[in-house]
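Engineer: What shape does this take:
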Amino acid sequence: MVTGRPKITTIDIIIGGLLGAAVVFVGYKVSMGLKYTWNWDAIPQYFIRFDPDTRQWVPNILLQGFLTTIRLSIWATLLATFIGIVMGMLRVSRSLFKRMLAGSYVELTRNLPPLVLIFIFYFFVSNQILPVLGVEAFIRSRSESTQALMTFLFAAPPLFGAFISALITLSIFEGAYMTEIVRAGIQSIEKGQWEAADALGLSRWQRMRLIILPQAIQRILPPLAGQFISTIKDSAIVSVISIQELTFQGMELMATTYFTFEIWITITAMYLILTLACSLGVAKLENKLSKKTA
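Structural biologist: As a prediction, this is how the structure comes out:
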């Protein structure tokens, strides 16, 4: 295992200089070629604002979208992980029907555009099933504190149905990839471990629960954490059904202010901050797991 901090080489300096020059060149062409007037001073007000009613500082449109993206990504990852574990175990089942069921789910989901899945679940789940179940009416009938909690954890009552449909869509889409991660982790366990569990007289469920899964979890945790980063990036696509996440809020703000470059550069930086922070967390997790197994 390679230890120590990475060294900055001459090639790194050259590449960094070229990237910096490219950024300066693009900024110059935008300013001079497109006659664009930069207005970065107007951007901070869209992160946080002062509410005169409560006399407190509250999140504004960009920060609200950023928080919605985090909520959606966390819940989608949790649900997708559950789907991935269940379907991953079905993928290695002795039952042909179970293997075909899980395999069909994976192949169907991975070979359909996520945009198609979003529209299917939005029009069938949000517009058809949820009104029949009375989900939004139930939430609206709760106390103000309960509604505030649901808004904090998920979305405001008027947007709850669309949020749930987006959550289900992302979970099913990402769950197909997590299924393959779980399947690969289980199948990577050495044959001797299965034989040792057989020798102990354990049932297949006991072998999986006590012997195989504890070892497989250490191997699948890093790729599962990496899939969380993909979920964050994929969450931008739900803006097409008016989920007020970061990309949607950016489009709304751009249409109102016409600060095209400032807004999208800011949104890009916000996504990078979120994904790079997760990448650093995944790297630390991999280092800890590698030290335990060393």
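Engineer: same for the lengthiest helix in the chain, what does it pack against?
Structural biologist: Longest helix in the chain by number of residues (criterion: DSSP state H): helix 260-293. When contacts are defined as 3 or more Cβ pairs under 8 Å, 6 or more residues apart in numbering; DSSP states H and E, helix 260-293 packs onto helix 61-91, helix 213-234, helix 246-257. Just so you know, the C-beta spots here come from the backbone N, C-alpha and C atoms, and that holds for glycine as well.
Engineer: Quick one: list the elements packing against the last one.
Structural biologist: Here helix 246-257 is seen to pack against helix 61-91, helix 260-293 when contacts are counted using 3+ Cβ pairs under 8 Å, 6+ apart.
Engineer: re the thing from before, for Leu153, which of the helices and strands packed on helix 260-293 is the nearest?
Structural biologist: For those, the distance to Leu153 is smallest for helix 61-91, at 7.0 Å, taking Cβ to Cβ.
Engineer: And that closest one, what does it pack against?
Structural biologist: helix 96-110, helix 160-187, helix 213-234, helix 246-257, helix 260-293.
Engineer: Need the mean per-residue confidence for the last one.
Structural biologist: Which is helix 260-293. Per-residue pLDDT values over helix 260-293 give a mean of 83.
Engineer: Equivalent analysis for the third one, please.
Structural biologist: Here helix 213-234 scores 85 as its mean pLDDT.
Engineer: With just CA atoms, put it into CSV.
Structural biologist: Provided in CSV are the C-alpha atoms of helix 213-234 (Å, rounded to 0.1, in the frame of the first residue of the first chain):
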residue,chain,number,x,y,z
LEU,A,213,-22.4,-11.0,4.8
PRO,A,214,-20.1,-9.7,7.6
GLN,A,215,-17.2,-10.3,5.3
ALA,A,216,-18.9,-9.0,2.2
ILE,A,217,-20.0,-5.7,3.9
GLN,A,218,-16.4,-4.7,4.3
ARG,A,219,-15.8,-5.2,0.6
ILE,A,220,-19.0,-3.5,-0.6
LEU,A,221,-19.0,-0.4,1.7
PRO,A,222,-16.6,1.7,-0.4
PRO,A,223,-18.4,1.1,-3.7
LEU,A,224,-21.7,1.7,-2.0
ALA,A,225,-20.4,5.0,-0.6
GLY,A,226,-19.2,5.9,-4.1
GLN,A,227,-22.6,5.2,-5.4
PHE,A,228,-23.9,7.8,-3.0
ILE,A,229,-21.9,10.4,-5.0
SER,A,230,-23.5,9.1,-8.2
THR,A,231,-26.9,9.6,-6.6
ILE,A,232,-26.1,13.2,-5.8
LYS,A,233,-25.3,13.9,-9.4
ASP,A,234,-28.2,11.9,-10.8
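Engineer: re the thing from before, point out the most buried one among the helices and strands packed on helix 61-91.
Structural biologist: Comparing the helices and strands packed on helix 61-91 by mean neighbour count (mean count of other Cβ atoms under 10 Å), helix 160-187 comes out on top with a mean of 22.
Engineer: what separates that one from the chain centre, distance-wise?
Structural biologist: How far helix 160-187 lies from its chain's middle: 10 Å, per Cα atoms, centre = their mean, to the nearest Å.
Engineer: tell me the secondary structure for Phe50?
Structural biologist: At Phe50 the chain is in strand, as set by DSSP: H, G, I helix; E, B strand; the rest coil.
Engineer: and the helix or strand Ala148 falls within with helix 61-91, angle?
Structural biologist: Remark: Ala148 resides in helix 144-153, with elements defined by DSSP states H and E. In terms of direction (axes from the mean of the first three to the mean of the last three Cα atoms, to 10 degrees), helix 144-153 departs from helix 61-91 by 80 degrees.
Engineer: Could you tell me the angle between helix 144-153 and helix 160-187?
Structural biologist: If you take the same axes, to 10 degrees, helix 144-153 sits at 50 degrees to helix 160-187.
Engineer: which residues sit against helix 144-153?
Structural biologist: Outside helix 144-153, the residues that touch it by Cβ atoms under 8 Å, 6 or more residues apart in numbering are 71, 139-140, 142, 157, 160.
Engineer: Stretch 224-235 too?
Structural biologist: Stretch 224-235 is contacted by residues 69, 72-73, 76-77, 80-81, 84, 114, 166, 170, 173-174, 177-178, 181, 245, 271, 274-275, 278-279, 281-282, 285 when judged by Cβ under 8 Å, 6+ apart.
Engineer: Now for the chain, the helix or strand with the poorest mean pLDDT.
Structural biologist: helix 130-133 (a mean of 74; mean pLDDT, DSSP states H and E).
Engineer: any idea which helix or strand comes after that helix?
Structural biologist: helix 135-140.
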